[in-house]
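Asker: Here's a sequence, model it:
(one chain, ligands or ions: 1)
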Amino acid sequence: MKLFCQNNHMFPKDNIVYFLYDYDFESNRDYDINKIYCEICMLKMFKESDLSKYLEIMYKIPKDEVFVEIKRVNKKRLKVHDSEYIEYVIDKFQLNKENLLEEVQNRFGDYELFRMFLKGEYSQ
Ligand SMILES: [Zn+2]
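Answerer: Predicted coordinates for the structure are as follows:
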């Protein structure tokens, strides 16, 4: 059984502290966990695909550049995984995830705004 927050982040079951069936009137759907208990929604950790997109916007490294590196190691590969893209950009610019998270917390302070920024609907 999988549990989800209002923003569709999946919770590993063994991490569940609060299990609250509820209804989100904005999105008209049921959810299992209120977003205030979700570490991704509270900007306490990154969802991998969000971080990957954020780095892509901020550091402008084309996915193709990373793909070339991956192909060099394994010719059969067809795509770049988010985790690989993140690792590549972090390595290249000597970043660390804690600092990036702090940057996002300070800049947006709110997951909805962060998501809008990733979708190109918000700039600041
Ligand atoms: Zn969430």
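Asker: Could I get the pLDDT score of Phe19?
Answerer: On the pLDDT scale, Phe19 is placed at 56.
Asker: Number the chain from 243, please
Answerer: Fine by me, first position is 243 from now on; the one you just mentioned is Phe261.
Asker: Output stretch 302-315 in CSV with nothing but the alpha carbons.
Answerer: Taking C-alpha atoms only, stretch 302-315 is exported to CSV below (Å, rounded to 0.1, in the frame of the first residue of the first chain):
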residue,chain,number,x,y,z
LYS,A,302,21.9,25.3,-17.7
ILE,A,303,23.7,22.1,-18.3
PRO,A,304,22.1,20.3,-21.2
LYS,A,305,20.9,16.8,-20.5
ASP,A,306,22.7,15.8,-23.6
GLU,A,307,26.1,16.7,-22.0
VAL,A,308,25.4,14.3,-19.2
PHE,A,309,24.0,11.7,-21.6
VAL,A,310,27.3,11.6,-23.5
GLU,A,311,29.1,10.8,-20.3
ILE,A,312,26.7,8.0,-19.4
LYS,A,313,26.9,6.5,-22.9
ARG,A,314,30.6,6.4,-22.6
VAL,A,315,30.2,4.0,-19.7
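Asker: Can you mark which positions in it are buried?
Answerer: Residues 308-309, 312 are the ones in stretch 302-315 that count as buried (16 or more other Cβ atoms under 10 Å). (Glycine included, C-beta is placed from N, CA and C.)
Asker: try stretch 340-352
Answerer: Quick answer for stretch 340-352 (16+ other Cβ under 10 Å): 342, 346, 350.
Asker: As JSON lines, these with secondary structure would be great.
Answerer: Below are the buried residues of stretch 340-352 laid out as JSON lines (DSSP: H, G, I helix; E, B strand; the rest coil):
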{"residue": "Leu342", "secondary structure": "helix"}
{"residue": "Val346", "secondary structure": "helix"}
{"residue": "Phe350", "secondary structure": "coil"}
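Asker: which one among these gets closest to Lys318?
Answerer: Nearest to Lys318, judged by Cβ to Cβ, of the buried residues of stretch 340-352 is Leu342 at 31.0 Å.
Asker: Spit out the contact partners of that closest one.
Answerer: 288, 293, 296-297 (Cβ atoms under 8 Å, 6 or more residues apart in numbering).
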